[in-house]
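*Asks:* Coordinates for the following, if possible.
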Amino acid sequence: MRKFLFKSAGVILSMSLLFSQTVSIYAGSASPDSPELDESAFSYDEAEMNEVLSELNQLDAYLEMNTDQTYASLAESGNPLIANIESTASPMGMAGQEGEPPLGIPSFLWGCVFGVIGLLIVFVATDNDNDEARKAMWGCVVSSLVSGVIYGLAFSYY
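*Replies:* As a prediction, this is how the structure comes out:
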C-alpha cells in the first residue's frame, strides 16, 4: 500500500509540474517585446563572395590544366596559389587528422553523454574511425550501466 501511495504521489507531482510549466508558457504578455531582426545577416553580396573565392577559382583553373599537380607538390614548390589555403578539409571544427576526436571532445564523453546519438556522431565525424567509435561505444556502455545502477538503487527501496 505504501509503495502504491509513493508512486501515485510521484505521478501526481510530476503531472502538476508539467501542467504548471505549460500554463506558465502561455501566461506571458499578449505582445512580447522581441528584439529587432537584423536581416543583413541573411543576405550576401555576390561580388564580395566572388572576390573572396577568386583565389580558389585560380587554384581550381590551374589544377584543371595541370592534372599531375597535387597540394603537396604545390606546397613543396612554394606556389603562391596555395599561400592562404589550409590543407585540411575539416568543416566546422571537425577532426582534421587521424585519431582526433570530433570538436576536440573525447569520444568517450560523446558516447557517455549522448548515448547512441553520440556514437553515431563520432562514427560519421571521424570518417568511420573504428578506434574512436569503439571509445564512444564504451562511453555509451558505461553510461547505461551507471544509469541502471542508479535507477536500481533509487527504486529498490520503494
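*Asks:* ok, now which ones touch the nearest residue in space to S143 that is not next to it in sequence?
*Replies:* Closest residue to S143 apart from its sequence neighbours, by C-beta to C-beta, 6 or more residues apart in numbering: C112 at 4.5 Å. C-beta: built from backbone N, CA, C; applies to glycine. By C-beta atoms under 8 Å, 6 or more residues apart in numbering, the residues touching C112 are 118, 139-140, 142-143.
*Asks:* Now tabulate the residues you listed in TSV and tack on pLDDT.
*Replies:* Shown next, in TSV, are the contacts of C112 (pLDDT from 0 to 100):
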residue	pLDDT
G118	88
G139	91
C140	91
V142	92
S143	92
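*Asks:* Let's see which of those end up in helices.
*Replies:* 118, 139-140, 142-143 (DSSP state H).
*Asks:* I'd like to know which of these are buried.
*Replies:* The neighbour count (16 or more other C-beta atoms under 10 Å) marks 118, 139-140, 143 as buried among the ones in helices among the contacts of C112.
*Asks:* I'd like the distance from stretch 44-55 to the chain centre, please.
*Replies:* Computed by C-alpha atoms, centre = their mean, to the nearest Å, the chain-centroid distance of stretch 44-55 equals 28 Å.
*Asks:* Just the pLDDT for A95.
*Replies:* On pLDDT, A95 comes in at 46.
*Asks:* heads up, I number from 383, so please use that
*Replies:* Shifting the count to begin at 383 puts that one at A477.
*Asks:* What residue spans form the domains of the protein?
*Replies:* 427-467, 482-540 (automatic domain parsing).
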